[in-house]
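[1] Coordinates only, no sequence provided:
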Ligand SMILES: Nc1ncnc2c1ncn2[C@@H]1O[C@H](COP(=O)(O)OP(=O)(O)OP(=O)(O)O)[C@@H](O)[C@H]1O
């Protein structure tokens, strides 16, 4: 009764080879050094420490061998147990599987040469060792036996007999056939089976049952009866089996076959096996009496499961790799299906799996050795190999003992074959051409019939396969189309990826530049801080200058104004001092008149009376006018004083405001200006450095600039609004002070006009009184006689007091006039002084204006964005331009008086600009 038995799986990890060492590829595979270990750990993540332990992949198999494991150890641990089974009569298979250059051939064959003592060398692999062990054991057991060998190669899905034709290039094509009961019924081997039945022995067939060759001098294989799984066993047509009687003969065959094997140099292996090979040892060992047990040992060296690009396979090598991969791919699917106990196992999809059908999940005892490299560079393939290995461990076989063959059948078989060969040889010697014995001819005809039947079957199979192929071709076309589509998509994706990579590069470049510019900005900020310091110092010096100038000059101005007012007052006072003179004059005139009255009282009574009647009225009028002048002067003085105190207060307020606010409020804007300056620098450097990606960078800058400008605009508007709020009360005060000044001006004008009028009227009154006096005198003269006239003339001409008084009046009138002129000159002078003061203020304001660079930056910033383009004068909301406080000269109606007026329009203009 057969029992299920898992495939034995071993892993052999070699040390790093020279290529891997040269590549400095680290070791990522950990294999325990202790024997009996069954776990392989591979660290694919590059982690270290605990992370490496956690993230490493672990694979469990039956046995693990590290680089230090010798060929002898591997043979003892893996091959020998299987060899014992083989000797006992089990069919066994041993496979080596792994990536190229990992040591498959080294493990399976190794050094197949013998040393000087005809002994195995240290590096001899499994096949030579089995060969030696077999003959040693057979010798020990001293049993009759027949040992045969065959060696086949599967290369590019073509089967080849590696032991065929000594040096002849013409290899016979090998064909795999399914051994069905029907086909066998007609075959000549049936008689053998029937014979076996006759002997009442249970005979079983094994996989890879070779067909007997009819053409060469090889031994024929007797055909045992079919076993329970014979429905799907296969045999290989034309395969030759060679009878060997010693290990040396076996090794010679092995060497012969290896010489015919497809080997090539690849990037990863100088002698890379490009094919799968199966070396089969068939043993007929005497079991009991005449009974021989048939067992087979299949030693399979698979081609490398390599990555085409990494192995450097080109053209033929790539094609090989393709078909190698195709076979191995199917092998993998077969392993998966068997491990998963799938209902369908795709054995028929490749020749390799057809050949290995009985070894995987069949009746053989199987061992798989997975060979791996420890290097990081092959870690992907190593993982894939280990996946296969650990999967294969789950495959269960039902090993059964090999079939029995009767000795006489064996002998008959051999004898028949020999006789056939002899007949053929004789016929060939006798005549040219193809001659053979009747019996052989009949047998051949029979075989031909069988082949025809098989051919018909094959044709049917081909037809159904063609149909399948057509379906598959259509499917392939459909897939090709979708593949083309996918390729197009992949191309466009690749393009996008390239574009994205370029963009990422550009972005990282931009980022780098931005970080440079941030460094520049930092430097600029530092220099800005220095500038602020300098400005503070300047501010202090300007402030002190300003104070000095304003204090001194305004003091002088004020004093001058006061002096003028005093003078005006003095003038008024003096005008009051005219009164005593007038009184004196009056007295003198009255005393003269009294004298005259006394002298001519009688004769000139009427004239004197009339004169006395008119004179008081005249002087009353003069007195009234003078009183008016006096009161007007007082009023004017009061007004001037009030206005001056208002002006002085306003000046103080203005000064305080300038001290408190003018320089403090400007910093944020200046910072903003520097930000703008930096933006400009960024723009400039970006345009220089990113010409190739101009469009993208421009868009980027425009969006950023827009953002920046918007935020600047908002902040500027906020600042303007804030400043306007602060400025408004000031503005109102300024306006009221202007009104006051204007009022003062108009009062001054009125005063001067009134003064002028009064003086005019005084003058005209005096003229009138003079005229009247003259008229009176003329009248008196007329009335006097010439003598009296002479006397009277003498009185008047000799009267010095009158003359003096009149002279004094004339002198005072001219003094008055000259004082008016002086006042005018003083007023002019004051205006000049004010102009001087104005200039000083302008100069100071000019000095305290922000540096030209700031102005340029401001201009640039505002010019950058057309939507925010503004007049350069309106950029600094806190900047008090000297132009804005300009005094314009306004010609007074009075030709002699020029007055300075703080133009309301100028202030309005200034406020508009700020808005
Ligand atoms: N365990 C090992 N100890 C020492 N040398 C080894 C070992 N394994 C492999 N080698 C050496 O590595 C080289 C490649 O080995 P081998 O040809 O057996 O690889 P392979 O897997 O059969 O490759 P391919 O699939 O390309 O045929 C050989 O020179 C072999 O001697």
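    Happy to help now that I have it. This one's a predicted model, so the numbers in the text were calculated from it and none came from an experiment. Residues are numbered from 1 along each chain as shown.

[2] Can you tell me which helix or strand of the protein has the lowest average pLDDT?
    Scoring the helices and strands of the chain by mean pLDDT, DSSP states H and E places helix 189-198 at the bottom, with a mean of 32.

[3] got the residue ranges for the strands in the stretch 251-400 of the chain?
    For the stretch 251-400 of the chain, the strands defined by DSSP state E, counting those that start in this stretch cover 263-264, 272-273, 276-288, 291-301, 365-372, 396-397.

[4] residue contacts, residue 113?
    121, 255 (C-beta atoms under 8 Å, 6 or more residues apart in numbering). Where C-beta positions appear, they are placed from N, C-alpha and C, glycine not excepted.

[5] Next one, pLDDT for it please.
    On pLDDT, residue 113 comes in at 88.

[6] same check, this time on the one 4 residues further on
    In this model, residue 117 is scored at 81, pLDDT.

[7] So it belongs to a strand, correct?
    No: the assignment for residue 117 (DSSP: H, G, I helix; E, B strand; the rest coil) gives coil, which keeps it out of a strand.

[8] mind checking the backbone torsions on it?
    Per-residue torsions, residue 117: phi -90, psi 20 (degrees, to the nearest 10).

[9] Tell me, how many residues neighbour it?
    Neighbourhood size, residue 117 [other C-beta atoms under 10 Å]: 6.

[10] those strands in the stretch 51-200 of the chain, which residues are they?
    Using DSSP E, counting those that start in this stretch, strands in the stretch 51-200 of the chain cover 57-60, 63-65, 92-98, 145-155, 158-161, 175-178.

[11] Touching, residue 55 and residue 46? I think so.
    No: contact between residue 55 and residue 46 fails when scored by C-beta atoms under 8 Å: they sit 9.2 Å apart.

[12] Which one of the strands of the stretch 51-200 of the chain lies nearest to the ligand?
    Checking the strands of the stretch 51-200 of the chain against the ligand by C-beta to the nearest ligand atom gives strand 92-98 as the closest, at 5.7 Å.

[13] tell me which strands and helices that closest one is in contact with?
    Applying 3 or more C-beta pairs under 8 Å, 6 or more residues apart in numbering; DSSP states H and E, we find strand 92-98 packed against helix 80-88, helix 104-108, strand 291-301, strand 365-372, helix 379-392.

[14] Out of those, which one sits most buried?
    Ranked by mean neighbour count, the helices and strands packed on strand 92-98 are led by strand 365-372 with a mean of 27 (mean count of other C-beta atoms under 10 Å).

[15] for the ligand, what are the nearby residues on the stretch 601-750 of the chain?
    Listed as neighbours of the ligand in the stretch 601-750 of the chain under the rule C-beta under 6 Å from any ligand atom: no residues.

[16] What's the local residue count around whatever residue of the stretch 101-250 of the chain ends up closest to the ligand?
    Relative to the ligand, the nearest point of the stretch 101-250 of the chain is residue 103 (2.5 Å; C-beta to the nearest ligand atom). By other C-beta under 10 Å, the residues close to residue 103 number 24.

[17] Residue 520 is in contact with residue 677, isn't it?
    No: in this structure, residue 520 is not within contact of residue 677 by C-beta under 8 Å, at 10.4 Å.

[18] more crowded one of the two?
    Between residue 520 and residue 677, residue 677 has the larger neighbour count (other C-beta under 10 Å), namely 20 against 15.

[19] Give me the pLDDT value at that one.
    74.

[20] For residue 112, grab phi and psi.
    When read as degrees, to the nearest 10, the backbone of residue 112 gives phi -90, psi 0.

[21] Number of residues surrounding the closest residue to residue 100 other than its chain neighbours?
    For residue 100, ignoring the flanking residues on the chain, the nearest one in space by C-beta to C-beta, 6 or more residues apart in numbering is residue 304 at 2.9 Å. By other C-beta under 10 Å, 28 other residues sit near residue 304.

[22] tell me the pLDDT at residue 304?
    83.
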